[in-house]
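# Sharing a model that was predicted from the sequence below.
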Amino acid sequence: MRERRMAKRSISRPGEAGKWAAFLGCLFLFVSGGQAQEVGGLDVGRISDLDLNALRTIIDEQGSIQEPGTVGFRALSLESAVKTALEENLGLQIFAVDVASSERQIDVSKSKFHPVAAIGGEATGTRRNESNPALQDQSSDRQEAQVVLTQEVPTGGDVSFGVGYAREFRNEVVTDSGNNNFNQTNLNEIAGLGIEISQPLLRGGRTYVARQKILDARYDTEVRRAELKSEVLRVTAETKAAYYQVIGAHRQIEVVEQALVRDGELIRASSALFDAGRVSKVDLFSAEISQSNDRARLATSQANLEVAQNSLRKVIGLPVNVEVEVTDTTIPFWPIRMNLRGWIERAIDMRPELLALQNERAKIELAVKVRKNEKLPGLDVKGGFFPGFDWKSYNYNAGLSFDYPLGNAAAKGRLDQARLAQDKIRHEIARAKRDIELEVREIEIRLRESLARVENLTAAVTSAREKREIARGRFEMGLANNLDITNADQELVRAETLLLEALVDYATNVALLESRIGGEL
């Protein structure tokens, strides 16, 4: 009813509809650059109402389908594919850059304990005008220079070594006991060595406090390395899986091509028997339908091969326009002994994800220790000794300072945050162990499933082949029509396809198992 109302409404306003049609037509020409191209096609509704002749005409007008061109070719064995992936995979290259950056951060953090040399000098002077012409103007000048080498030490303090020179000259007016004024000059020179040490005893006076940035950089580097190893395991497994998918796609094409050979033989046999009057036209149509279905299946299989090659090209990291061909053409099927408990234990010990979390935990535990140290009061000592080159004159200093922040809320808050982070990482490690165990269990289940599928589908393929031979013999003797043969062919293609999938799945699950337990079996 709604469609009828809409139709009536559109008919009642033909002028307005024409305006809208003209507007939309102009808009289409504008968007398409004014170059409207006629493309043959039709709108498909019910398949039973489909004009098959028109559909064939449209397909014929399209011409042959052109495959995308390639500019390179790489033939790879499984081993070389994995090696190339580890060298060219873009994700791995990103992780490798992160590792290199973290390693450089260690060197940056170590520079804290590199000595610092400083050179300094100063010259000052004064002059005062003297009103008595019999006296010289009062003046003074001072020059000093020093070279100091400062070294921070892992205990949190620092040590300074230096050599210095100082010269002071004075020309001043003095008055003697007889109230006589005269100029008096004084020259003082000193040169010598010096050493000065400062050391915190409580807050800041621990090696782990002074070396925190270095230790943090090392923990971060171990985390980045673990992430890189995890990515290596993932890329290796994905490369093997993609490689096996390409092999399986090639083998699936062979299955369909063999079916097409059988279809051609059946068509010729049906045609000969039809000419002899032994079978009806239905048998010939049945054989042709089976051939058409297998040709469609071949197109799907060829497309699946190209998709599988794209997946392999993606994980390897090769350019998208480089054609990849596998040189290993067999699917490995070497059943492994199930050892679920051993696999779980190995995964807990070897998985890089857990190693990364353990380093994160060590970093947080260090932060807790540092935050505890920050709550302590400050107690610093320092001292220095500066002998002259004559070894008779010298200077020295000694000092002690103490401070305690009242309330110390900031240090307490940072300690609470560090302890919360410690609780969080503990839960994350427990969750990671649980997830890893579940992953290993899932792979073990899939391995058992694939093995059972291979076993049962082997029997199915055997039965389908025998059934096809029996049906063929009965058809040639005129005891049955070719529907039995086409049915047996369909079952054979399906059974062989499922068997191929099961074999590929088993090989893929073995590769995934290696990534789940942290290395090769």
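Ah, there it is.
# Tell me how many other residues surround Glu360.
20 (other Cβ atoms under 10 Å). To be clear about C-beta, it is placed using only N, CA and C from the backbone, and glycine gets the same treatment.
# Quick check: chain neighbours aside, which residue is closest to it?
Ile425 (5.6 Å; Cβ to Cβ, 6 or more residues apart in numbering).
# so what's the one you found up against?
Leu357, Glu360, Arg361, Ile364 (Cβ atoms under 8 Å, 6 or more residues apart in numbering).
# Just give me the closest of these to Asn171.
Ile364 (66.9 Å; Cβ to Cβ).
# does Arg268 sit in a helix or strand, and which one?
helix 212-275 (DSSP states H and E).
# I'd like to know the average pLDDT value across stretch 273-290.
The average pLDDT for stretch 273-290 rounds to 81.
# Report the buried residues of that stretch.
Residues Leu273, Phe274, Val279, Asp283, Leu284, Ser286, Ala287, Ser290 are the ones in stretch 273-290 that count as buried (16 or more other Cβ atoms under 10 Å).
# do stretch 417-429 as well
Ala418, Ala421, Ile425, Ile429.
# quick check, the first one in a helix?
Yes: under the criterion used here (DSSP: H, G, I helix; E, B strand; the rest coil), Ala418 sits inside a helix.
# And the helix or strand harbouring Ser140, what's buried?
Using DSSP H and E, Ser140 falls within strand 138-152. Within strand 138-152, the residues that qualify as buried are Gln138, Ser139, Gln146, Val148, counting by 16+ other Cβ under 10 Å.
# Which positions are bridged to the first one in the beta structure?
On the basis of DSSP bridges, Gln138 is bridged to Arg128.
# name the helices or strands packed onto the helix holding Arg268?
If you count contacts as 3 or more Cβ pairs under 8 Å, 6 or more residues apart in numbering; DSSP states H and E, helix 212-275 packs onto helix 78-88, helix 90-110, helix 281-316, strand 322-326, helix 352-374, helix 409-476, helix 483-517.
# the inter-axis angle of it versus helix 281-316?
For helix 212-275 against helix 281-316, the angle between stretch directions is 160 degrees (axes from the mean of the first three to the mean of the last three Cα atoms, to 10 degrees).
# circling back: of the contacts of Ile425, just the buried ones, ChimeraX syntax please.
Burial among the contacts of Ile425 is assessed by 16+ other Cβ under 10 Å; the matching ChimeraX selection reads:
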select :357,360,361,364
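# Quick one: the contacts of Ile425 as CSV, columns for distance to Ala81 and pLDDT too.
Output for those, formatted as CSV (distance: Cβ to Cβ, whole Å; pLDDT from 0 to 100):
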residue, distance to Ala81, pLDDT
Leu357, 31, 95
Glu360, 34, 95
Arg361, 37, 96
Ile364, 40, 95
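# Need the contacts of Ile425 in a markdown table (columns: distance to Lys382).
Formatted as a markdown table, these follow (distance: Cβ to Cβ, whole Å):
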| residue | distance to Lys382 |
| --- | --- |
| Leu357 | 42 |
| Glu360 | 37 |
| Arg361 | 37 |
| Ile364 | 33 |
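# returning to what we had before: wait, which of the buried residues of stretch 273-290 is closest to Arg218?
Ser290 (67.6 Å).
# Out of the buried residues of stretch 273-290, which comes closest to Ala134?
Using Cβ to Cβ, Ser290 comes nearest to Ala134 of those, at 136.2 Å.
# check contacts around the nearest residue to the closest one once chain neighbours are set aside.
By the measure of Cβ to Cβ, 6+ apart, the closest residue to Ser290 outside its immediate chain neighbours is Thr486, 4.3 Å from it. Going by Cβ under 8 Å, 6+ apart, Thr486 touches Leu266, Ser286, Ala287, Ile289, Ser290.
# so how far is Tyr506 from the third one?
Ala287 sits at a distance of 35 Å from Tyr506 (criterion: Cβ to Cβ, to the nearest Å).
# And the second one, by the same measure?
Using Cβ to Cβ, one gets 36 Å for the distance from Ser286 to Tyr506.
# contacting residues for Gly248?
Gly248 sits in contact with Ala308, Ile331, Leu500, Glu501, Leu503, Val504, where contact means Cβ under 8 Å, 6+ apart.
# what does Tyr506 give?
Phe333, Pro335, Leu447, Ser450, Leu451, Val454.
# at 7 Å instead, please
Phe333, Leu447, Ser450, Leu451, Val454 (Cβ atoms under 7 Å, 6 or more residues apart in numbering).
# Would you confirm that the last one contacts Val504?
It refers to Val454. No: using Cβ atoms under 7 Å, Val454 is not in contact with Val504; the gap is 10.5 Å.
# Pull the contacting residues for the residue nearest to Glu87 when sequence neighbours are not counted.
Using Cβ to Cβ, 6+ apart and skipping the chain neighbours, the partner closest in space to Glu87 is Gly317 (7.8 Å). Gly317 makes contact with Ala85, Glu88, Asn89, Leu90 under the criterion Cβ under 7 Å, 6+ apart.
# Tyr396: how many residues sit nearby?
Residues near Tyr396, counting by other Cβ under 10 Å, number 11.
# hey, what's it bridged with?
Phe385.
# Need the pLDDT of the residue nearest the centre of the chain.
Nearest residue to the geometric centre of the chain (Cα atoms, centre = their mean): Gly91, 4.7 Å. The per-residue pLDDT reported for Gly91 equals 87.
# I'm done for today, thanks for sticking with me.
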